[in-house]
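Novice: Sequence and computational prediction follow.
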Amino acid sequence: MPFINVKTSAKLSDEQIGQIVKDMGQAITVFPGKTEAYLMVNVEPDCKLYFKGNNDGETAFVDVAIFGSSSKEYCGLFTEKVCDVLEKVAGVPSDRCYVKFEFNTMWGYDRFMF
């Protein structure tokens, strides 16, 4: 039950957004038991993001919410993949990309609580 919210200052085409969604579906599998089957992704391009006091370059903030918990190791692997995707597809350098994780023990879906 992961949710990935990508905010970026990059102007993206529908094709680029689709590629990011597809790549996030592959990246989420680094977490044991997580698949694209329950993944929800939001991509917000053209955000006014400032980093180090400026907006001189493409920037991204990726918020990842996951049901359950995980290790720093898997979060690190996922962060690498996210940075690679955003650099390749959106032109966001990895040193202008934050990835934040939130782990939840209560998650609802289809009138059901996990």
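Specialist: Done, it's in. Numbers count the residues shown, from 1 in each chain.
Novice: Tell me how far the helix or strand hosting residue 20 lies from the chain's centre.
Specialist: If you go by DSSP states H and E, residue 20 is part of helix 14-27. Remark: helix 14-27 is offset 10 Å from the chain centroid, using Cα atoms, centre = their mean, to the nearest Å.
Novice: Can you give me the buried ones in that helix?
Specialist: Neighbour-count burial for helix 14-27, counted by 16 or more other Cβ atoms under 10 Å, picks out 16, 17, 19, 20, 21, 23, 24, 25, 27. From N, CA and C alone the C-beta is placed, and that goes for glycine too.
Novice: Please report how far the residue nearest to the third one when sequence neighbours are not counted lies from residue 72.
Specialist: Sequence neighbours aside, residue 89 is the residue nearest to residue 19 in space, at 5.1 Å (criterion: Cβ to Cβ, 6 or more residues apart in numbering). Taking Cβ to Cβ, to the nearest Å as the measure, residue 89 falls 26 Å from residue 72.
Novice: Have a look at the two and say which one is more surrounded.
Specialist: residue 89 (20 against 8; other Cβ atoms under 10 Å).
Novice: which SS state does that one fall under?
Specialist: helix (DSSP: H, G, I helix; E, B strand; the rest coil).
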